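Asker: sequence-free structure coming up:
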Ligand SMILES: CNC(=O)c1cccc(C)c1Nc1nc(N2CCN(c3ccccc3Cl)CC2)nc(N2CSC[C@H]2C(=O)NC)n1
Ligand code: NI
């Protein structure tokens, strides 16, 4: 099972590299890895398991955070309206997005960042994502608000981008115009 020891931290090269496309159809190993990533996220949200294995809670994880430079990520959470959002994404691509931006009013955290980085992370408020699912089929997701933020955070890991790259260094809490707070 994946634990915090498997998650690379800031300074590890794979957090700043562009990950490779997964060959299609994905191999059984690819699907197994994605399953393991999804299981990690679920475990990290389970008080008992997270307590027992000292897991930091998260709602998303990308393969480069395991030092695996493949374009795969997993997300699992209930959005602010209580809708369950649980996906393993292979070769995810943002195919369109809103002009409107959104940011987590609490700022963002990352399992590969062992420090509290304050500041707003402006992202697209709505995105349409095309990817291959765990069943090997094409899927198209229209995401908004919290779900859109989480998936963009994970897709960024596939492109070597960290959440704090977006924080305004002069004033970390500048509210970008045409953006709205989430949560
Ligand atoms: C600096 N202030 C902060 O970080 C921050 C501070 C306060 C609130 C938020 C909301 C913040 N922000 C933030 N909190 C989260 N969690 C909240 C707690 N939760 C969770 C915890 C326990 C059980 C179940 C669950 Cl669900 C797990 C997820 N997750 C992310 N991100 C950024 S997008 C990818 C996602 C991620 O998985 N990061 C590891 N950001
Ligand atoms: Ni992250």
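Answerer: Perfect, thanks for sending it. On a predicted model such as this, the values are computed, not experimentally measured, just so you know. Numbers count the residues shown, from 1 in each chain. Ligands and ions are numbered 1, 2, ... in the order given.
Asker: what about residue 142, which helix or strand?
Answerer: Element membership of residue 142 [criterion: DSSP states H and E] is strand 138-144.
Asker: Check whether that strand comes into contact with ligand 1.
Answerer: No - Strand 138-144 stays clear of ligand 1 (Cβ under 6 Å from any ligand atom), getting no nearer than 12.3 Å. Backbone N, C-alpha and C define where each C-beta goes, glycine included.
Asker: Now this structure against ligand 1: closest residue?
Answerer: Nearest residue of the chain to ligand 1: residue 109, at 2.9 Å (Cβ to the nearest ligand atom).
Asker: for that residue, what are its contacts?
Answerer: 58, 116-117 (Cβ atoms under 8 Å, 6 or more residues apart in numbering).
Asker: Give me the neighbour count for the closest residue to residue 108 other than its chain neighbours.
Answerer: Using Cβ to Cβ, 6 or more residues apart in numbering and skipping residues adjacent in sequence, the residue nearest residue 108 is residue 163, 4.3 Å away. Look at residue 163: counted by other Cβ atoms under 10 Å, it has 22 neighbours.
Asker: Quick check: residues of this structure near ligand 1?
Answerer: Applying Cβ under 6 Å from any ligand atom, we find that the chain lies next to ligand 1 at 45, 57-60, 77, 104, 106-111, 116, 149-150, 153, 183.
Asker: redo that, cut-off 5 Å
Answerer: Residues of the chain lying close to ligand 1 (Cβ under 5 Å from any ligand atom) are 45, 57-60, 106-109, 111, 150, 153.
Asker: So which residue is dead centre in this structure?
Answerer: residue 154 (2.4 Å; Cα atoms, centre = their mean).
Asker: In which helix or strand does that residue reside?
Answerer: helix 145-158.
Asker: angle of that helix against strand 138-144?
Answerer: 120 degrees (axes from the mean of the first three to the mean of the last three Cα atoms, to 10 degrees).
Asker: so what's residue 63 up against?
Answerer: Per Cβ under 8 Å, 6+ apart, neighbours of residue 63: 19, 33, 37, 69-73, 158.
Asker: Tell me, what's the model's pLDDT at it?
Answerer: In the predicted model, residue 63 carries a pLDDT score of 99.
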